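J.: following is a predicted model, sequence given first.
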Protein chains: 2
Amino acid sequence: MNNISIILVNPQMGENIGASARAMKNFGLKDLRIVAPRDGWPNEKARNMSVGALDLIEAAKLYDNLPAALGDLEYVYATTASSRDMNKNYVLSRGLSADIPPTSNVGIMFGRENCGLNNAEISYANKILTIDTDLNFTSLNIAHAVAVVCYEIWSGYNKQVRRDLCNKQELANANQMEYFYNYLFAELEQHDFFRVPEKKEQMQQKIRNIFTRIEGLSSAELQILMGTIKALSKQKE
Amino acid sequence: MNNISIILVNPQMGENIGASARAMKNFGLKDLRIVAPRDGWPNEKARNMSVGALDLIEAAKLYDNLPAALGDLEYVYATTASSRDMNKNYVLSRGLSADIPPTSNVGIMFGRENCGLNNAEISYANKILTIDTDLNFTSLNIAHAVAVVCYEIWSGYNKQVRRDLCNKQELANANQMEYFYNYLFAELEQHDFFRVPEKKEQMQQKIRNIFTRIEGLSSAELQILMGTIKALSKQKE
């Protein structure tokens, strides 16, 4: 379970960061990443609420933007309460532990207390994770969401026989994917692909949502994709 | 699930009562019973932390002793973190929903924040309920414990009902994919991508293997991919 990271995106209350750390430790997770916490870092309220999990708070990694927090991860889930108008696969919490690629570095993102993750942030994820709640009241406290997800991982980890991937190739990580997207978007820009400027960002999100759904993309395969983009964007001979 | 009650025994902090009510409502439970809360009742902090579950707080039943709170219940669980030196059957959280007698009025007791339930209180229970945690750190926040238990009950009763989240978009079919590959391969050919003729077929297979792993690619998304290929393969402007 050392391959699974919890990422809190722009959390607002220190108490919730502390409570999340405590829940992580209850269920055997260690790597806490915090992106742009509203009240800065370190945070005394986070320390107080972590109770016996102060070690996780002190070892938490701080980032000022989401791509930096995801850099070394190979498979990322975005936790959302409701379905989004987005063509992205989702997994219900009950199926999470069976869904997690066992040999990858995995991250699970949680959004801010008042409005969750936005669509741009979700577009970085390979899959949406939805906690199975009563549809009449889907809004979970963020630390409760972290607790339930970590509990699911722990319960699955300790019970199920892990699926073994036949694919042992080194997977493309988020930094490599980012390099690819930047290259692709720059070339598309130069080829006048984004004709309507106000739709450019949305179109980029759609493109990310396509490529993030390639299951188990290896570094070697990403090189092939890069090669196709490079070749296509050159002048014909 | 209307036959299942949550009983907080001598809770100390109003915030935890409110957070517990919210978690109950997330997972479809309604009947909250509070035995001798330290700070009296009603409690403003409980109301504030309940967020959208104020209805549960306002309908909560208050008791000054445990037997009164259990009076109409037919089967009672006592939640404890560790096993006690007590000859009583126990169930792990993962097996809870299968263990609950379906036609009985059932109560699940949670103890005070600092020391849980005492042995006298546990003796009122038919069975001990233990949340499956990392044995190195078994002390859960009380509202997290309520959240995990309610989640287990909900998941047990509602196995994978949220199929409504499934994507309803029209998927790209094999003919459309074939048209895409043919277009892509032709453009790559013209851009001198397949430099080693005897490796051309193998390279085409590798490219197919990448794009076939995009889960649930819609027709609309395939059009976006076609658009990127067309744009890239044009001369720069």
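T.: Thanks, I have the structure now. Since this is a predicted model, take the numbers as computed values, not measurements.
J.: show me what the residue nearest the centre of chain A bridges to in the sheet.
T.: With distances taken as C-alpha atoms, centre = their mean, residue A:76 lies nearest the centre of chain A, 3.5 Å away. Beta-bridge partners recorded for residue A:76 (DSSP bridges): residue A:107.
J.: local confidence estimate at it?
T.: For residue A:76, the pLDDT comes out at 91.
J.: how much space separates residue A:119 from residue A:138?
T.: Distance, residue A:119 to residue A:138, using C-beta to C-beta, to the nearest Å: 18 Å. The C-beta positions use only the backbone N, C-alpha and C, and glycine is treated the same way.
J.: and what of residue A:49?
T.: Residue A:49 is 24 Å from residue A:138, where distance means C-beta to C-beta.
J.: then residue A:24?
T.: Taking C-beta to C-beta, one finds residue A:24 at 22 Å from residue A:138.
J.: who has more neighbours, the two?
T.: Between residue A:24 and residue A:138, counted using other C-beta atoms under 10 Å in any protein chain shown, the more crowded position is residue A:24 (28 against 15).
J.: residue A:103: neighbouring residues, count only.
T.: For residue A:103, the neighbour count with other C-beta under 10 Å is 16.
J.: report the secondary structure state of it.
T.: Assigned state for residue A:103: coil (three-state reduction, DSSP: H, G, I helix; E, B strand; the rest coil).
J.: and the strands in chain A?
T.: With DSSP state E as the criterion, chain A has strands at A:4-9, A:31-35, A:61-63, A:75-79, A:90-92, A:106-110, A:127-130.
J.: against which helices or strands is the second one packed?
T.: Meaning strand A:31-35. Helices and strands touching strand A:31-35, by 3 or more C-beta pairs under 8 Å, 6 or more residues apart in numbering or on different chains; DSSP states H and E, are strand A:4-9, helix A:14-26, helix A:54-59, strand A:61-63, helix A:66-70.
J.: point out the most buried one among these.
T.: helix A:14-26 (a mean of 27; mean count of other C-beta atoms under 10 Å in any protein chain shown).
J.: in a markdown table: the helices and strands packed on strand A:31-35, plus mean pLDDT and distance to residue B:170.
T.: Listed next are the helices and strands packed on strand A:31-35 as a markdown table, based on pLDDT from 0 to 100; distance: least, C-beta to C-beta, whole Å:
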| stretch | mean pLDDT | distance to residue B:170 |
| --- | --- | --- |
| strand A:4-9 | 98 | 32 |
| helix A:14-26 | 97 | 39 |
| helix A:54-59 | 98 | 45 |
| strand A:61-63 | 98 | 38 |
| helix A:66-70 | 94 | 31 |
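J.: out of these, flag the one nearest residue A:128.
T.: Minimum separation from residue A:128 across the helices and strands packed on strand A:31-35 (C-beta to C-beta) falls at strand A:4-9, 14.3 Å.
J.: state the distance from residue A:176 to residue A:115.
T.: Taking C-beta to C-beta, one finds residue A:176 at 30 Å from residue A:115.
J.: just to revisit the earlier point, how about the strands of chain A in TSV, adding distance to residue B:190?
T.: Below are these laid out as TSV (distance: least, C-beta to C-beta, whole Å):
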stretch	distance to residue B:190
strand A:4-9	43
strand A:31-35	43
strand A:61-63	43
strand A:75-79	35
strand A:90-92	39
strand A:106-110	40
strand A:127-130	36
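J.: of all these, which lies closest to residue B:96?
T.: strand A:90-92 (18.3 Å).
J.: now do that closest one: which elements does it pack against?
T.: Here strand A:90-92 touches strand A:127-130, going by 3+ C-beta pairs under 8 Å, 6+ apart.
J.: what does the strand it packs on rub up against?
T.: Outside of strand A:127-130, the residues that reach it under the criterion C-beta atoms under 8 Å, 6 or more residues apart in numbering or on different chains are A:75-84, A:86, A:88-93, A:96, A:99, A:108, A:122, A:149, A:213, B:162, B:165.
J.: hmm, 10 Å instead?
T.: A:75-84, A:86, A:88-93, A:95-96, A:99-100, A:108-110, A:117, A:122, A:138, A:145, A:149, A:152, A:212-213, A:215, B:162, B:165, B:215 (C-beta atoms under 10 Å, 6 or more residues apart in numbering or on different chains).
J.: how about that strand as CSV, C-alpha atoms only?
T.: Written as CSV, here are the backbone C-alpha positions of strand A:127-130 (Å, rounded to 0.1, in the frame of the first residue of the first chain):
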residue,chain,number,x,y,z
LYS,A,127,-10.7,7.6,-13.8
ILE,A,128,-13.5,9.0,-11.6
LEU,A,129,-14.0,7.6,-8.2
THR,A,130,-17.5,7.9,-6.7
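J.: quick one: strands adjacent to it?
T.: Counting by DSSP bridges, the strands paired with strand A:127-130 are strand A:75-79 (parallel), strand A:90-92 (parallel).
J.: just name the most buried of the ones you listed.
T.: The most buried one of the strands paired with strand A:127-130 (mean count of other C-beta under 10 Å) is strand A:75-79, showing a mean of 26.
J.: can I get the CA coordinates of that one in PDB?
T.: Taking Å, rounded to 0.1, in the frame of the first residue of the first chain, the C-alpha atoms of strand A:75-79 are listed here in PDB:
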ATOM      1  CA  TYR A  75      -2.600   6.300 -12.400                       C
ATOM      2  CA  VAL A  76      -4.800   8.900 -10.800                       C
ATOM      3  CA  TYR A  77      -8.400   8.800  -9.500                       C
ATOM      4  CA  ALA A  78     -10.500  12.000  -9.100                       C
ATOM      5  CA  THR A  79     -13.100  11.600  -6.300                       C
END
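J.: relative to strand A:4-9, how tilted is it?
T.: If you take axes from the mean of the first three to the mean of the last three C-alpha atoms, to 10 degrees, strand A:75-79 sits at 50 degrees to strand A:4-9.
J.: any idea how far strand A:75-79 is from the chain center?
T.: For strand A:75-79, the gap between its own C-alpha mean and the chain's C-alpha mean amounts to 3 Å (C-alpha atoms, centre = their mean, to the nearest Å).
J.: cool, and stretch A:182-201?
T.: 24 Å.
J.: who's in contact with that stretch?
T.: With C-beta under 10 Å, 6+ apart as the test, stretch A:182-201 has contacts from A:119-120, A:123, A:202-204, A:206-208, A:211, A:225-226, A:229-230, A:232-234, B:224, B:227-228, B:230-237.
J.: verify the stated contact: residue A:215 with residue A:75.
T.: Yes: look at residue A:215 against residue A:75 with C-beta atoms under 10 Å: they come within range, at 8.8 Å.
J.: mutual contacts of those two, please.
T.: Common neighbours of residue A:215 and residue A:75 (C-beta under 10 Å, 6+ apart) are A:101, A:126, A:127.
J.: neighbours of the last one, how many?
T.: Read that as residue A:127. Neighbours of residue A:127 (other C-beta under 10 Å): 19.
J.: could you do the second one as well?
T.: Here the number of neighbours of residue A:126 (other C-beta under 10 Å) works out to 27.
J.: check the gap between the residue lying closest to it once chain neighbours are set aside and residue A:227 for me.
T.: In this structure, residue A:126 finds its nearest non-sequential neighbour in residue A:212, 4.8 Å apart by C-beta to C-beta, 6 or more residues apart in numbering or on different chains. Distance from residue A:212 to residue A:227, counting by C-beta to C-beta: 20 Å.
J.: those two: who's more crowded?
T.: Between residue A:212 and residue A:227, residue A:212 has the larger neighbour count (other C-beta under 10 Å), namely 25 against 14.
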